[in-house]
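Chemist: just a sequence and a predicted model for now, questions to come.
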Amino acid sequence: MSTVIDKQVAASADDGANYSGSNGFTITTTLPYVGYYNSATALVSNLFFRFTGITIPAGATINAAYLEVYAHAAGTGVADCKVWGVDADSPAAPTTAGEFTGATLTTANVDWNGAFTINTWEQSPSIVSIIQELLASYTLSDSAIMFQLKNDAGTDNQYNRIRSYDYSGNVHGAKLHIEYTAEITPSASLSPSSSLSPSHSESPSLSPSSSGSPSLSPSSSLSPSHSESPSLSPSASLSPSASLSPSSSESPSPSPTPSAALEVIDVQIAVGTDDGRRYTGSNGFSNSGTTPLVGYNTGAAYLACNLFLRFIGITIPAGATISSSYLEVYAHANGTGTANLKIWGVDLDDPDAPTNSAEFDADTLTTASVDWDGAWPINAWKQSPSISAIITELLASYTITDSALMFQVKYDSGAGDNRNTIRSYDYGGGYGAKLHIEYVTGELPGTGMPVQATQVGVRIGTRIGA
């Protein structure tokens, strides 16, 4: 069963900032900086977040995990930051700069770079490796987990500003999201009596006859209860030719333990014709533009602005459970207004990329779709919400073996200039869109039978509240 944990900082002392400038350490600031701020009061600007009441059983597999912070202002420059876990058993929150800087940090760490978007929840990249390291080191039972978000390499006004727990209303404290699958244990074990019982357990016991071949002893009979673990009657004995010692095939064995495996796919658009845009204005279709728009632009050349993104060489076995998936695009400019967008899958088997407006418009789309609204920050990779529903629908419809998956990101609603601008594959420098998928497969050892979804962690389980 899959379990989901959603926690939020819930006390003033559980988040704070540590500046190398004159402001030093504080747990009461409402609008802390993170990154590098060219002010003598701030300079190198680091944060901590502590989450309490977390229980994850030993041996669990972490399928997804991330932090969220609320951006109070648009980022300045491109903050170059890194997330670390505090490598301690249920750590207490620091109360001084010395305690903050003296904390032991995890080996695992995650880059979190970019300029945040004003008045939005910003989601970190995956922190699964950090959670998995902590789980391997400590017993997480109603425990605290703490993180430090630190300036990594910024040197000149490259920072973001967030709202802390102490900001008005106490509702903007950082959030932690974790999804895990508990280790599955055997459902049966051998009983002492069954380990030596013969395979024909209901047969009467044997005694030797005068000829030396076994026959039924007059006193031997089946017990009225037909016990599954009969023993030899006192008057019965075995002849030399009639041994009842069980062979390996006769010994009962425990129910097999499901063995589930988490697999990860990361692919990026690798050819110019596998991404492009379709405008309803006079500029129409192109698969060679370098900075396409998505959303709505009131200029007659643009109007409704849509994208397609095609990824190749993907294999997902039938019956797999999609545990996490998302798209990433690189924002070329700050968003204008608030783009109202929707992601769709192209509902075709190994689809070809469109080459004109008519082919783009004719593509059949999945029933599942995902809203992707907001203004994206300049010069940063922007991660979509989960698209697992779309991938699951495609997997149920087609055999995905060295196949292509294609998506359309389309203008959904709204008037006026509400758009984002991204870099395509043709921009150069490795800016083609990315696709990330995590899926779970498994089989019952020795049977070749697939593990059922309820055994490997499809999200039908418990949600632990904030």
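Modeler: Arrived safely. Since this is a predicted model, take the numbers as computed values, not measurements. Numbers count the residues shown, from 1 in each chain.
Chemist: check which helix or strand Thr441 maps to.
Modeler: strand 434-444 (DSSP states H and E).
Chemist: sheet partners, orientation included, of that strand?
Modeler: Strand 434-444 pairs in its sheet with strand 259-268 (antiparallel), strand 321-336 (antiparallel), strand 449-450 (antiparallel), by DSSP bridges.
Chemist: deepest of those strands, which one?
Modeler: strand 321-336 (a mean of 21; mean count of other C-beta atoms under 10 Å). Bear in mind the C-beta positions are built from the backbone N, C-alpha and C, glycine included.
Chemist: how about that one as PDB, C-alpha atoms only?
Modeler: Taking C-alpha atoms only, strand 321-336 is exported to PDB below (Å, rounded to 0.1, in the frame of the first residue of the first chain):
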ATOM      1  CA  THR A 321       2.200   1.400 -11.800                       C
ATOM      2  CA  ILE A 322       3.200   5.000 -12.600                       C
ATOM      3  CA  SER A 323       4.300   6.500  -9.200                       C
ATOM      4  CA  SER A 324       5.600   9.800 -10.400                       C
ATOM      5  CA  SER A 325       5.900  11.700 -13.700                       C
ATOM      6  CA  TYR A 326       6.300  15.300 -15.000                       C
ATOM      7  CA  LEU A 327       7.500  17.500 -17.800                       C
ATOM      8  CA  GLU A 328      10.200  20.200 -17.600                       C
ATOM      9  CA  VAL A 329      10.700  23.200 -19.900                       C
ATOM     10  CA  TYR A 330      13.200  26.000 -19.800                       C
ATOM     11  CA  ALA A 331      11.700  29.500 -19.400                       C
ATOM     12  CA  HIS A 332      13.400  32.000 -21.700                       C
ATOM     13  CA  ALA A 333      11.700  35.100 -20.200                       C
ATOM     14  CA  ASN A 334       9.500  36.000 -17.200                       C
ATOM     15  CA  GLY A 335       5.900  35.100 -17.800                       C
ATOM     16  CA  THR A 336       3.400  37.800 -18.900                       C
END
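Chemist: chain center to it, what's the gap?
Modeler: Centre-to-centre, strand 321-336 and its host chain are 14 Å apart (C-alpha atoms, centre = their mean, to the nearest Å).
Chemist: among the strands paired with strand 434-444, which comes closest to Tyr66?
Modeler: Relative to Tyr66, the nearest member of the strands paired with strand 434-444 by C-beta to C-beta is strand 321-336, separated by 9.7 Å.
Chemist: quick one: mean pLDDT for the closest one?
Modeler: Averaged across strand 321-336, pLDDT comes to 93.
Chemist: strand partners of the helix or strand just after that strand, parallel vs antiparallel please.
Modeler: Downstream of strand 321-336, the first helix or strand assigned by DSSP H and E is strand 341-346. Applying DSSP bridges to the sheet, strand 341-346 is found paired with strand 365-371 (antiparallel), strand 400-411 (antiparallel).
Chemist: now mean pLDDT too, for the ones you listed, in TSV please.
Modeler: As requested, those are exported to TSV (pLDDT from 0 to 100):
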stretch	mean pLDDT
strand 365-371	96
strand 400-411	97
